[in-house]
Each structure stands twice: as C-alpha cells, then as structure tokens.
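Trainee: generate coordinates for the sequence data below:
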Amino acid sequence: MTATAADLARSHGDSRPAPTTLNRLFFDAVEKHDRPNALQVKQGGAYQPLSHRTIADRARRVALGLRAIGVARGDRVSILSENRPEWAIADYGCLTAGVTNVPLYPTLPAEQMAFILRDSGAVAIFVSNTEQALKIASVRAELPALRHLIGFGSGALPGAELSLEELEAKGAALETPDTMSAYRADALAIGPDDVATIIYTSGTTGEPKGAMLTHGNIASNVMSVISVIPMGPGDVSLSFLPLSHILERMFDYLMFAAGVSIAYVESIDTVLQNLNDVRPTIVVSVPRIYEKVYARVLENALSGSALKRRIFFWACATGERWADTKLTGASVGPWLGIKYRLADRLVFSKLRARVGGRIRYFVSGGAPLAAEINKFFYAAGLIILEGYGLTETSPVIAVNTPAHFRIGTVGQPIDGVEVRIAADGEILTRGPHVMKGYYNKPDATRDAIDADGWFRTGDIGVLEDGFLRITDRKKDIIVTAGGKNIAPQPIENQAKTNKYVAQAVMIGDRRKYPVMLVVPDFEQLEHWARTERITFSDRGHLVSLSAVRTKIESEVLAHLQGLAHFEMPKKVGIVGQDFTIESGELTPTLKVKRRVVDKKYKAMIDALYDDGAPAARKDGT
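Mentor: Next comes the predicted model:
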C-alpha cells in the first residue's frame with residue numbers, strides 16, 4: 001500500500017521513542033522513584049500504601065515462584081481479577097519471568113473464559129476470589145493445558161493448588177544473591193519484540209481474537225503518551241477501568257513509570273466515594289462514566305426548585321459561551337468573565353468537589369464521547385483528554401493533550417505513530433504500537449495488517465488540521481434501501497445525552513428508513529412514571545404502556561437536532577431490560593454487539609417496519 005501526499009495524514013517516524021521494554025521501565029521506576037505509596041488499596045476503611053520496593057520484591061518472588069512450579073519463559077499465564085495490587089504484582093512477576101500474561105475480564109461468563117484459556121493454552125491462572133474460582137472450576141475439565149490455579153490472598157479458593165502468598169514463599173525460598181542477580185539479568189534480556197501479553201478483543205463482530213502485544217508495542221505507547229500528557233510524583237490516579245482493558249493497563253504502566261501513585265477503586269459501585277477518599281489528579285475512563293455523571297448532574301438540577309433550575313441552565317449557557325471563546329483562542333471579555341466566575345461559584349465548583357476537587361484532567365477512550373458532554377465538563381473546569389486507539393494498537397493512536405486540545409476530535413497522532421486515511425475513509429495506522437499479530441490466526445493477521453505494515457482499524461475518520469475525528473465504525477455504516485449512507489454512532493451518542501436513554505442502537509441497513517432501539521434509563525423512567533401516577537408491575541409492563549412509549553419517543557426525537565431527513569430515526573422501539581455482558585448484548589468494554597441486538601430483537605425491529613407509516617414527519621419532528 002503506497003501513501004500519497006493526499007492521504008498521508010501525519011507521520012512521526014523520525015520522532016518515535018527508542019525501543020525499550022516494560023521490564024526496563026519497571027526497574028527504572030523502582031530505582032528512580034522509590035516512593036512509599038506507589039500503589040494504594042482501601043483496607044479497614046482507609047487507603048493503605050504499598051511502596052515501589054515492596055512491589056518489586058513481591059514481583060520477583062512471583063517470578064521465581066512461577067519457575068519453581070514449572071512455568072517456563074514463553075508460557076501463557078492468565079489473570080482473572082478485579083483491580084487490586086495483586087493484579088499488578090502478578091503481572092510484573094509474569095513480565096519479568098518472560099511469561100505472557102493473558103488477562104480475563106471478571107464480568108465474562110465461564111464459557112467465554114474457557115474459550116480464551118483454551119485458545120491461548122494458558123498453563124496457570126491467578127484468581128481473585130471464590131466467585132471467579134468457581135467459574136474456572138466449572139470449565140476446568142475443558143482445559144487440559146491448565147495446570148495451576150493460584151488464589152489471591154492467603155486463604156484457599158475452590159480448586160486452587162496454592163495461594164499467592166504460598167507462591168511468593170516458594171520464590172523467596174529460592175532467593176540468594178546469585179539467583180536475584182540472574183533474575184534481573186534475565187528480565188532485562190527480554191527484548192522489545194518479545195510478547196508481553198495476549199489480549200482478546202471484545203468480539204463485537206464475531207469470535208474473539210488474541211492480539212499479541214509485545215514489550216516494545218506497549219512501551220512505545222507509554223513513552224509517547226508520557227511526553228505529551230504531563231504527570232509525575234505529585235499526581236494520584238484512581239484506577240477503576242478494568243486492568244484487563246488495554247487502556248487502563250497501559251496507563252497504569254505509564255503512571256508507575258512516571259511515579260504517579262495509583263489507588264485502586266473498591267468496586268465500580270464505590271467510584272464516587274473513592275474519588276473523594278483519594279482526591280485524584282488524573283482519572284482514566286470510558287465515556288459511559290462521563291455520560292452517567294452528566295446525566296446525574298442534569299437530573300439533580302431538574303429535580304430541584306424552579307430557582308435552582310434557572311440558575312443551573314443559566315450557568316450552563318454562560319459556561320458554553322465561555323468555553324466557545326476559550327476554545328477558539330479568543331480573550332474572554334470582562335462581562336463574560338464576571339458571569340462565568342459567578343456560574344463557577346454557584347454550579348461548576350460543586351461538580352469539581354464531587355469528583356475530589358483536585359482533577360487536573362480526565363482521559364477518555366474506548367468509545368466516542370459526545371462533544372456536548374466534553375464541552376460541559378470543560379466549562380466546569382474539568383478537562384477530558386479524549387483519545388483513540390484499539391487493543392491491537394497498544395492502544396493509543398491519537399490523543400488530545402493539554403497543549404493541543406480540540407473538542408469533537410480524538411487529538412493528534414502521538415510520536416512514532418503514522419496515520420493515513422484510505423480511499424474509502426478507513427483509518428490506517430503504522431508504527432511500533434501495532435501488534436505482532438493475532439495468536440494462532442495468521443489469516444486474520446494478514447487481513448488486519450498489510451504487507452507494508454499498515455493496520456486496518458475498521459474505523460472511518462477524517463483529518464482536520466492534523467486532528468483526527470472518528471465518524472463511525474466501517475462495518476456499522478448503514479446503507480438504506482434508498483442508497484443513503486448513515487453513520488449511526490454520532491446519532492446514538494446524541495440520543496444518549498438524554499437522561500431517559502441508557503443505550504441507543506440505530507437500525508436501518510437495506511431498510512427503507514432508519515429506526516432506533518432504546519434501552520431506557522429505568523431509574524429516571526420509573527421516577528417519571530410515579531410522578532405521573534402511572535402504575536406498572538415490572539419493567540416489561542412499564543415499556544408496553546402507550547404513555548411511556550410516547551414519552552420515550554418524544555424525548556429521543558426531540559433530542560436529535562441537526563440531522564438530515566434521511567438520518568432521522570422514524571420510529572423508536574423500547575427494550576424492556578438492560579443490555580448486559582451476561583445476556584450477550586455488550587462486550588466486556590461495554591460496547592454494543594450490533595449483530596446480537598439485530599438477532600435478539602428481530603421481532604421488535606420487524607414490527608417497527610411493518611406497523612404502517614413512519615411516526616416522524618418530514619421535518620424530523
């Protein structure tokens with residue numbers, strides 16, 4: 001594939017970071033920072049620190065312990081756990097032992113875990129608790145290669161041959177000056193091209209594939225991102241995006257290397273509490289978290305008094321004008337400055353306090369973030385640095401930075417990364433961040449990476465003054481029966497900014513017009529129904545009621561502004577239960593599996609097209 005002057009987007013080939021490894025970054029961080037609170041975990045009602053030296057010692061003992069039980073360099077070892085210090089310790093133990101880590105999402109059902117463990121040939125697995133151990137026990141007969149189950153903590157877990165404490169004890173028993181020296185030398189002998197991890201893709205369009213990411217892949221991403229998003233020993237991060245997700249994984253490597261203190265959330269349900277416990281300066285997340293915060297702020301305002309509502313919406317309008325002025329680089333006038341300071345005092349300062357009061361910036365990735373939400377946070381003094389990448393690209397391709405920031409884009413490509421736009425609009429990328437290939441899938445690897453090293457992202461995008469803007473997934477583009485092309489993701493994201501909408505899925509490929517399936521935010525919808533004195537027995541009954549269908553349809557259609565007539569969904573179908581990972585509609589990274597939705601709700605979709613004329617008029621109302 002030959003790049004032309006027209007389609008070569010941005011190349012940083014001359015400024016790519018020197019090849020290195022995650023092991024080198026790990027050892028350098030321990031020696032450079034040597035802080036008492038490299039990691040933090042909540043125990044006994046308060047966050048307790050773990051030092052760099054403690055983590056290094058325990059990782060070494062895990063590495064030596066793995067050797068003691070017969071795990072060899074190049075073997076695959078899985079980690080099945082929520083975010084906690086043991087995850088990082090086991091991971092660094094694997095990395096320094098030359099063992100390939102295969103992470104599993106704790107939310108996956110046992111059958112999907114079995115596929116990944118079987119496909120990767122994992123010989124051992126670290127498991128966090130009884131619930132996860134029982135999942136493995138239920139499928140272990142299908143996993144002949146799996147020889148060891150190692151439980152976190154000191155207590156025995158079902159099916160566990162030994163605990164992490166016992167594994168570390170085996171490693172400690174082997175420690176002598178010679179073995180410790182040899183351990184470090186062996187760890188540093190691992191090269192940039194050696195596989196560090198195999199991360200299985202979410203599988204939105206089919207069977208999961210194991211992306212082989214090398215030490216050099218991820219380390220190049222760490223070094224490039226750390227050069228454009230400043231952080232250091234004065235920063236604290238709250239880690240709650242799963243470490244089985246490459247975005248959190250890479251950023252945790254980055255923050256460890258930079259000396260940032262990493263505090264682990266207790267659970268996804270305690271994020272707000274832990275934000276106030278830790279008062280972080282940096283948080284990495286997917287858009288769904290920001291969408292929920294935005295919806296909650298909006299609901300609080302709408303449920304208040306008339307005066308409170310007027311103040312809130314005045315502040316939002318003032319903040320938007322202030323943000324538009326700042327983002328264009330213009331000077332904020334005196335009168336607007338006075339009004340903004342008042343808006344900040346009355347509204348925005350309270351939002352900053354709710355997230356700990358010290359946020360320097362959020363980082364968002366994994367899915368598109370609605371520009372409306374990003375601008376609201378910006379007006380509130382909370383910068384969200386939206387970026388873009390995939391598991392196969394380690395993951396960051398491009399990211400907004402404090403120095404180069406443009407809402408509505410995913411920023412500029414990072415150093416060392418080449419990006420080009422193909423003739424059909426697909427984003428292609430090349431550089432040290434691109435995976436080695438898919439494990440045991442040479443054909444899939446050839447389909448994804450061409451002979452010149454360009455990786456096909458499957459995303460459609462454009463470049464605007466060096467900033468990359470994603471318009472949709474290539475396979476998600478809807479082509480109506482009339483030949484109109486519709487990019488569904490921006491429309492779905494716009495719909496999800498409505499407080500009554502939790503999920504939105506556009507349908508319409510090869511159909512005469514588009515429709516939309518909506519999963520309501522049931523907390524909001526049920527509150528509205530009670531206020532309207534609508535009685536219902538359960539959620540299925542609730543969404544079947546005519547008044548409720550009318551309410552949701554009117555909310556969705558009124559919220560979709562600026563669409564072409566052919567883009568406007570003409571009908572809205574309401575789904576009576578949440579999309580979940582367990583029921584199959586969501587990937588572990590909370591992306592919607594469109595094929596599953598199409599198949600599972602086929603009867604509802606067909607009914608939307610069979611039920612007479614479209615509900616929306618030609619003017620889109």
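Trainee: show me where the stretch 351-500 of the chain has strands.
Mentor: Ranges of strands in the stretch 351-500 of the chain, per DSSP state E, counting those that start in this stretch, are 361-364, 384-389, 396-399, 412-413, 418-421, 426-430, 437-438, 455-464, 467-473, 478-479, 485-486.
Trainee: return the most buried member of these.
Mentor: Counting by mean count of other C-beta atoms under 10 Å, strand 396-399 has the highest mean neighbour count of the strands of the stretch 351-500 of the chain, with a mean of 28. The C-beta positions use only the backbone N, C-alpha and C, and glycine is treated the same way.
Trainee: which neighbouring elements make contact with that one?
Mentor: helix 215-226, strand 384-389, strand 412-413, strand 467-473 (3 or more C-beta pairs under 8 Å, 6 or more residues apart in numbering; DSSP states H and E).
Trainee: who's in contact with the closest residue in space to residue 237 that isn't next to it in sequence?
Mentor: If the residues on either side of it in the chain are set aside, residue 237 comes closest to residue 282, at 4.6 Å by C-beta to C-beta, 6 or more residues apart in numbering. By C-beta atoms under 8 Å, 6 or more residues apart in numbering, residue 282 lies in contact with 231, 235, 236, 237, 255, 260, 359, 360, 361, 362, 363.
Trainee: of those, buried ones?
Mentor: For those, a burial check counting by 16 or more other C-beta atoms under 10 Å picks out 231, 235, 236, 237, 255, 260, 359, 360, 361, 362, 363.
Trainee: the third one contacts residue 283, correct?
Mentor: No: the pair residue 236 and residue 283 does not pass the contact test of C-beta atoms under 8 Å, sitting 9.7 Å apart.
Trainee: nearest to residue 27, of the buried ones among the contacts of residue 282?
Mentor: residue 255 (16.2 Å; C-beta to C-beta).
Trainee: does that closest one lie in a helix or a strand, and which?
Mentor: helix 246-258 (DSSP states H and E).
Trainee: adding mean pLDDT and distance to residue 515, write the helices and strands packed on strand 396-399 out as CSV.
Mentor: Converted to CSV, the helices and strands packed on strand 396-399 look like this (pLDDT from 0 to 100; distance: least, C-beta to C-beta, whole Å):
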stretch, mean pLDDT, distance to residue 515
helix 215-226, 97, 39
strand 384-389, 97, 29
strand 412-413, 98, 36
strand 467-473, 90, 17
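Trainee: want to throw those into CSV with distance to residue 126?
Mentor: CSV is the format used below for those (distance: least, C-beta to C-beta, whole Å):
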stretch, distance to residue 126
helix 215-226, 19
strand 384-389, 26
strand 412-413, 35
strand 467-473, 33
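Trainee: got the domain boundaries for the protein?
Mentor: Structurally, the chain divides into domains by automatic domain parsing as follows: 22-190+232-280, 287-474, 477-610.
Trainee: right, and these - which one's nearest residue 224?
Mentor: Per C-beta to C-beta, nearest to residue 224 of the domains of the chain: domain 287-474, 4.1 Å.
Trainee: now do that closest one: distance to the chain's middle.
Mentor: 13 Å (C-alpha atoms, centre = their mean, to the nearest Å).
Trainee: kindly report the same for stretch 143-160.
Mentor: 28 Å.
Trainee: buried residues in it, which are they?
Mentor: Buried-residue list, stretch 143-160, by 16+ other C-beta under 10 Å: 143, 146, 148, 149, 150, 151, 152, 157, 158, 159, 160.
Trainee: from these, pick the one nearest residue 482.
Mentor: Nearest member of the buried residues of stretch 143-160 to residue 482, counting by C-beta to C-beta, is residue 143, at 50.5 Å.
Trainee: phi, psi of the residue nearest to residue 237?
Mentor: phi -140, psi 130 (degrees, to the nearest 10).
Trainee: what do you get for the one 10 residues further on?
Mentor: In this entry, residue 292 is assigned phi and psi values of phi -70, psi -40 (degrees, to the nearest 10).
Trainee: contacts only, for it.
Mentor: Counted by C-beta under 8 Å, 6+ apart, residue 292 has zero contacts.
Trainee: one step back: tilt between the helix holding residue 255 and strand 384-389?
Mentor: 110 degrees (axes from the mean of the first three to the mean of the last three C-alpha atoms, to 10 degrees).
Trainee: what's the first helix or strand after helix 246-258?
Mentor: Taking DSSP H and E as the definition, the helix or strand right after helix 246-258 is strand 261-264.
Trainee: so what touches the helix or strand just after that next one?
Mentor: Proceeding N to C from strand 261-264, the next assigned helix or strand is helix 271-278, under DSSP H and E. Residues outside helix 271-278 that contact it (C-beta under 8 Å, 6+ apart): 40, 42, 47, 236, 238, 240, 263, 265-266, 283, 289, 354-356.
Trainee: among these, name the buried ones.
Mentor: 40, 42, 47, 236, 238, 240, 263, 265-266, 283, 289, 355-356.
Trainee: for residue 315, see how far away residue 341 is.
Mentor: 11 Å (C-beta to C-beta, to the nearest Å).
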